[in-house]
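*Asks:* A structural model of the following input is requested.
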Amino acid sequence: MDSSAFWMSTCSATSSRFGRPTCEGRSPTSSFGICDGGSRRCAPEEDFETLAELSEEWDDEAPPSDAGAVPKTDLGAEIAELAAHADLAASITLNAKGQALLVALRQGFEKLSGLGANRKAVIFTESRRTQGYLFELLEGNGYANEVMTLNGTNTDQRSSAIYEAWKATRPSGEAIGNKAVDLRTALVDRFRNHASVMIATEAAAEGVNLQFCALVVNYDLPWNPQRIEQRIGRCHRYGQTHDVVVINFLNRKNEADLRVFQLLSEKFQLFEDVFGASDEVLGALESGVDFERRIADIYQSCRTPEQIGAAFDALQGELEEQIAARLAATRAQLLENFDEDVHRRLRMSLDATTGHLDRLSRALWELTQHELREEAVFEGAGQTFELRKPFGDTPAGSYRLLGAEAVTDASHAYRLGHPLAQHLIARAAVRGLGAPAITFDYTGHRARVSLVDGLVGVSGYLSLTRLTVRALDQEDHLLFAGVTDDGLPVDGETCERLFGIAAQAAGGASIPEEVTAVLRASLGRERDARLTEIGVRNTRFFEEEIEKLERWADDLKNGLEREVRDLDAEIKTARREAKLLGGLDEKVAAQRHVRDLEADRNRKRRALFDAQDEVDRRKEGLITTVEARLRQTVEAETLFTVRWRVI
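*Replies:* Numbers count the residues shown, from 1 in each chain. Model prediction:
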């Protein structure tokens, strides 16, 4: 019965999409939850919280489909078949998919440990029964007292206890708002501060901020791509400081499930690492409800792999037309309304329709081609290569550079963090170059580089230095210094552009002492300019932080002073009204009310002084931080010096 897999992928904390699968495991065909030992029948709308919402959306979008309707004459056979499936489900004593979840969590937490992220995971499922089953499974398998749940009602005893404990921690006198909202807040606080795993239904896919968590498990993978985006967006949002790890469960023996995942990952690019790809593609659909309904029709109407394949081929063809039209329109607007410099900054160009490689990926690709020229066969158009034999711990096989196109099941994902890439970079970095002469072939270059136009037929010298600045953090900068044989300086950007042109080594070369002195002086100017940039950035940071701190202090002070003034006015009114009362008991009650108001006013006044102390503490911390940044250590290491010529 072992026929499914889970895929693990990661999403950069500074981008908005997700990398291709990097880890694989096993899971079973189904996910049966347990509800009172299987004896109680749960109403569908109770078990699946989104049922009513989906039904309403489907009814609004289109009339019900008759596809897959069962003739009345076959109802008896259909009922018997369903009963047999129910009996089979009830006979299962070991849920292999649940066991696979334990493996997935262990691997996911190992990935988080490597990223330096918190040991926290949110598991999404569509059924409360499955939620209950997973809670019992994890509690009994190494996660005791680390698991909590969140759903649409949160009426269980565990949630109520968490809510009561949360209320008890509130400052005295703080108002408690809407109970449903406060209950969700209490559960999120519990997850942030105490629990390791939160098992959530679709109720947690919206309105919950979980940027302190970097592991998302789609135990049940929705068909609607926008719902998947919402789920992942709970963790992958502003404030997330680590790559987000995403694990999807998939039945590998179900043809329809495989095609759904293919559409979600390749056509919708939900798990891609290119900024904005999914936004463009999802925009072509306007609503994921229609897509979800089409998938449901295929599941209902198709019974054989051939029927499933044909139906999905037709759906995929329609989607490709819609997506291509949307992308073409978006890019046309960019090309028509912005100049070439903006195209470059937006990483959009005329050839972007055939695939995009950012600057860093292109450099990695060129380095890989050079380092593996004897060990691999390269296919440049698709940024793929075939590694002929194992390279260290890296297996032989097909590799595709991430950012070029979707990685097929037969290819390995290749990126900057891949062990092979890291090994090649390290090997190239320690290779000695001596003092070679290099000839750049600009006449054979595929495109015009305006900065290099004036250097054809010119020769000279250039040097590359790594500048390392250490303070609170470490910054590395690459500084070029160049000079022509005529003694004219060549700026750093032009030197860098030269290395984007094909070149050939032309033997060794000696570096005259006077040239070394010129390059050293040029490097000194570059170094001073870069340190000045860092100083300006630190000054701007300090000024902005001080301004924010002062604005916060002013808002806090003004708010408290306003509350004190309001209480003063209220106290005067209460005293005046107390004098007009006739009965002693009424006067005593009125004076008690006045005393409560005066006590509240005194608390506000003390809070005003406490707030000023907090401002002073924050200023001191900010000053300490800036002082640490000013205590810099600067190191400069010359990586190479070469003689160059452009033809």
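
*Asks:* residues of the strand or helix carrying residue 104 that come out buried?
*Replies:* If you go by DSSP states H and E, residue 104 is part of helix 96-115. For helix 96-115, burial by neighbour count (16 or more other Cβ atoms under 10 Å) applies to 96-101, 104-105, 107-109, 111-112, 115. All C-beta spots, glycine's among them, are computed from the backbone N, C-alpha and C.

*Asks:* Quickly find the element holding residue 386.
*Replies:* With DSSP H and E as the criterion, residue 386 is inside strand 384-387.

*Asks:* List the strands paired with that strand, with their directions.
*Replies:* When sheet partners are counted by DSSP bridges, strand 384-387 sits next to strand 376-379 (antiparallel), strand 397-401 (antiparallel).

*Asks:* Which is the succeeding secondary structure element to the longest one?
*Replies:* Spelled out, it's strand 397-401. By DSSP H and E, the next helix or strand past strand 397-401 is strand 411-414.

*Asks:* you'd agree residue 302 is up against residue 311?
*Replies:* Yes - with contact defined as Cβ atoms under 8 Å, residue 302 counts as touching residue 311 (5.3 Å).

*Asks:* returning to what we had before: just the residues contacting the strand holding residue 386, thanks.
*Replies:* For strand 384-387, contacts defined as Cβ atoms under 8 Å, 6 or more residues apart in numbering pick out 368-369, 372, 375-379, 394-401, 404, 411, 414, 420.

*Asks:* swap the cut-off to 7 Å and go again
*Replies:* Applying Cβ atoms under 7 Å, 6 or more residues apart in numbering, the external contacts of strand 384-387 come out as 372, 375-379, 394, 396-400, 411.

*Asks:* Mind giving me the packing neighbours of the host helix or strand of residue 608?
*Replies:* Element membership for residue 608, per DSSP H and E: helix 584-630. Of the remaining helices and strands, those touching helix 584-630 by 3 or more Cβ pairs under 7 Å, 6 or more residues apart in numbering; DSSP states H and E are helix 513-579.

*Asks:* quick revisit: farthest-separated two in the buried residues of helix 96-115?
*Replies:* Taking Cβ to Cβ as the measure, the buried residues of helix 96-115 span a maximum distance of 28.5 Å, between 96 and 115.

*Asks:* all helices of the stretch 251-400 of the chain, in order?
*Replies:* With DSSP state H, counting those that start in this stretch as the criterion, the stretch 251-400 of the chain has helices at 255-262, 277-283, 288-301, 305-337, 340-345, 359-371.

*Asks:* strands paired with the helix or strand just after the helix holding residue 608, and their directions?
*Replies:* Where DSSP H and E defines the elements, the next helix or strand beyond helix 584-630 is strand 633-646. If you go by DSSP bridges, strand 633-646 pairs up with strand 436-440 (parallel), strand 459-470 (antiparallel).

*Asks:* that older thread, okay, the angle between the helix holding residue 608 and strand 459-470?
*Replies:* Helix 584-630 runs at 140 degrees relative to strand 459-470, counting by axes from the mean of the first three to the mean of the last three Cα atoms, to 10 degrees.

*Asks:* pLDDT of helix 584-630, averaged?
*Replies:* Mean per-residue pLDDT for helix 584-630: 81.

*Asks:* model confidence over the host helix or strand of residue 82, on average?
*Replies:* Per DSSP H and E: residue 82 is located in helix 75-91. Across helix 75-91, pLDDT averages out at 86.

*Asks:* What sits closest to residue 261 if chain neighbours are left out?
*Replies:* Distances taken as Cβ to Cβ, 6 or more residues apart in numbering place residue 250 nearest to residue 261, at 5.2 Å, with adjacent residues excluded.

*Asks:* Looks to me like that neighbour is in a helix.
*Replies:* No - residue state for residue 250 (DSSP: H, G, I helix; E, B strand; the rest coil) corresponds to strand; a helix is not indicated.

*Asks:* Dump the strands paired with strand 633-646 to TSV, plus distance to residue 541, mean neighbour count and mean pLDDT.
*Replies:* What follows is the strands paired with strand 633-646, written out as TSV (distance: least, Cβ to Cβ, whole Å; neighbours: other Cβ atoms under 10 Å; pLDDT from 0 to 100):
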stretch	distance to residue 541	mean neighbour count	mean pLDDT
strand 436-440	40	18	89
strand 459-470	15	19	90
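
*Asks:* Switch the ones you listed over to CSV; also include distance to residue 515.
*Replies:* As requested, the strands paired with strand 633-646 are arranged in CSV below (distance: least, Cβ to Cβ, whole Å):
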stretch, distance to residue 515
strand 436-440, 13
strand 459-470, 5
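
*Asks:* Can you say which of these is nearest to residue 155?
*Replies:* The closest of these to residue 155 is strand 459-470. By Cβ to Cβ, the value is 54.4 Å.

*Asks:* List the buried residues for stretch 421-437?
*Replies:* 421, 424, 437.
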